[in-house]
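Colleague: Quick one, fold the following:
(2 chains)
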Amino acid sequence: MADQDLTAALRALRLAARRSAVARRLETDAEQALLQAIVESTATLFEAEAASIAIFERDPDRLEFRVAAGAQGAGALGMSVPPSRGIVGYVYSTGQPLALSDVASDPRFDRSAAERTGYVPRSIAAVPLVTADRTVGVLQVLDKRSSQTFSLRDMELLAVFASQAAAAIRASRIQRDTERLLRAVFADVEEDLDEEQLETLVSAATNGLDADADDPFWGLVDSIARLREAGEHELRLVAEILEVVARHSAARRRGR
Amino acid sequence: MAELDLPAWTEPFTGEALPRLSRAVALRQIDRQWAWGGATGAGVTVAILDSGVEATHPAVGGRLVESVAVEIEGEDVKVVPTDPIDLYGHGTACAGIISGLAPEVEIVSVRVLGSDLRGKGTAFLAGLEWAIERGAQVMNMSLSSKSERLFPHFHELVDQAYFRHICLVSAVNNYPGLSYPSTFSSVFSVAAHSLPEPETFFYNPAPPVEWGAWGVDVPIAWKDGGRSIATGNSFAAPHIAGLAARVLGKHPGLSAFEVKAVLAAIANDPPDT
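Modeller: Modelled structure (predicted):
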């Protein structure tokens, strides 16, 4: 491939990567915020000691607790459990919602994992996060204060919360796949590239985009993210302001 | 009139074969005494496709006769003998419910969970196929697959089971969309009701979910000799499996649809009617 072509391809890919980084920045925050909102409302609604969401990740296979809420929720944050163990693992593996109570009286109830969180529950309800064709994680609730067990209605409600969480996760996965797409495009453009060269190219296209958090550009991105909640009138106003600024800076570049 | 050249599948309904057809019994004559009075599930094998069954758990009552597990290495799928242990506790919970209702059944544990998660659906299929070949009158399945790719394979195996007079009992999951095999018509699909009575069950004449059994705050056996109180459709399914085993213990040789008919006849009346 001629150097000139490669430069043009790189420029196009940089643009694509920049767009995806912007999208990722908007979406990641949105996903995290949405998942957090879901566990917080779950904990409040059930008057539970804790509510948390674990997402399935590969290499090694694990369920990783991403968000948590409730008085006893914080201990689980960042913890990973193997899907081949425990109640959360079972719910993930089978896609079957279930609730257990009196779990602490069972001497071997996966205490090791529970104790690492600093909290051993008496009751637990767990429902799978299901997208169109697979299970992506689990929503769990520990110790509902008003009752020792979870009712069928509780399980149904939990399933509704879980479906919201699954939708949020699906949206952000699409963004995460962009880098993989970039690799595929590079490999396609130049078939002779080896793994190392591919890696170099992908990082050349994506590096530096997220690194400088102080870049004023990201401030703008964050402001735009907040504008999602703005009304139609404000959005039109912002668009008009941006248009004026863009015209002004283009004129300056032309030296007028 | 020339003799009709009938295709082979009409044979059971013609000529000499016709008198050989029989009905189990007229529905209205069936009551619980006839259906399972004095029955213990003796002579019936129940396969549990789950996380394994703990042989020594008191709730299992020593009824476990065989344990196998599905192992996947690359393309290679094998069903191998395994230790009678339970990775999660759920299979033991099911075994406890079934042997509680039919204390003399023989239980075969087919562990399809806990191995390689990349082949979950494949492991489930391999376990089901093995269990059909091995022979069991009832199978309890607490899992399901949403995979369109596996649909034709499940379809084939479920039909195979049906024609061998195996009652496949499956917990439905509460999510929209199809999941296999609980949505196949020959399968006993089960959801939970909350009346704390193991022999109280309902027939739903408007499927896809045909059966309702106790599945809320059920006292269950759990891992490592433990016990717990559990809620979920997957604790309702083994109630229907246990009751089907009772019926089959008393009336060996009934087909899956005949067992469905018997259970429908003796199902509880809906409350307040």
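Colleague: Can you show me the helices along the stretch 151-273 of chain B?
Modeller: B:151-163, B:233-250, B:256-266 (DSSP state H, counting those that start in this stretch).
Colleague: Pick the most buried one from those.
Modeller: Among the helices of the stretch 151-273 of chain B, the stretch with the highest mean neighbour count (mean count of other Cβ atoms under 10 Å in any protein chain shown) is helix B:233-250, at a mean of 29. C-betas here are computed from N, CA, C, even on glycine.
Colleague: what about the strands in chain B?
Modeller: B:45-50, B:64-73, B:76-81, B:106-111, B:138-141, B:167-171, B:188-193, B:202-203, B:211-214, B:218-222, B:226-231 (DSSP state E).
Colleague: Minimum distance to residue A:67: which of these has it?
Modeller: strand B:226-231 (24.1 Å; Cβ to Cβ).
Colleague: Do that closest one and chain A come into contact?
Modeller: Yes: contact of strand B:226-231 with chain A (Cβ under 8 Å from any Cβ of the partner chain) involves B:226, B:227, B:228, B:229, B:230, B:231.
Colleague: and that strand, what does it pack onto?
Modeller: Where contact means 3 or more Cβ pairs under 8 Å, 6 or more residues apart in numbering or on different chains; DSSP states H and E, strand B:226-231 is packed against strand A:98-101, strand B:218-222.
Colleague: Out of these, which one sits most buried?
Modeller: The most buried one of the helices and strands packed on strand B:226-231 (mean count of other Cβ under 10 Å) is strand A:98-101, showing a mean of 26.
Colleague: Would you mind measuring from residue A:199 to residue B:248?
Modeller: 61 Å (Cβ to Cβ, to the nearest Å).
Colleague: should've said residue B:255
Modeller: The value you get for residue B:255 to residue B:248, if Cβ to Cβ is used, is 10 Å.
Colleague: give the contact list for the residue nearest to the spatial centre of chain B.
Modeller: Computing the C-alpha centroid of chain B and ranking residues by Cα atoms, centre = their mean puts residue B:169 first, at 2.7 Å. Applying Cβ atoms under 8 Å, 6 or more residues apart in numbering or on different chains to residue B:169 gives the contacts B:138, B:139, B:140, B:141, B:187, B:188, B:190, B:237, B:238, B:240, B:241, B:244.
Colleague: rerun at 6 Å
Modeller: Listed by Cβ atoms under 6 Å, 6 or more residues apart in numbering or on different chains, the contact partners of residue B:169 are B:140, B:188, B:237, B:240, B:241.
Colleague: What of residue B:59?
Modeller: Here residue B:59 is in contact with B:96, B:221 (Cβ under 6 Å, 6+ apart).
Colleague: Tell me which of the helices and strands packed on strand B:226-231 lies nearest to residue B:69.
Modeller: The nearest among these, by Cβ to Cβ, is strand B:218-222 at 19.4 Å.
Colleague: partners of that closest one in the sheet?
Modeller: Applying DSSP bridges, strand B:218-222 is found paired with strand B:226-231 (antiparallel).
Colleague: got the angle between the strand it pairs with and strand B:188-193?
Modeller: Counting by axes from the mean of the first three to the mean of the last three Cα atoms, to 10 degrees, strand B:226-231 lies at 90 degrees to strand B:188-193.
Colleague: Check the average confidence over strand B:226-231, would you?
Modeller: Averaging pLDDT along strand B:226-231 yields 93.
Colleague: tell me the phi and psi of residue B:196?
Modeller: phi -80, psi 60 (degrees, to the nearest 10).
Colleague: contacts for stretch A:36-50?
Modeller: Contacts of stretch A:36-50 (Cβ under 6 Å, 6+ apart): A:51-53, A:67, A:69-73, A:141-146, A:161, A:164-165.
Colleague: in it, what counts as buried?
Modeller: A:38, A:39, A:40, A:42, A:43, A:46, A:48, A:49, A:50 (16 or more other Cβ atoms under 10 Å in any protein chain shown).
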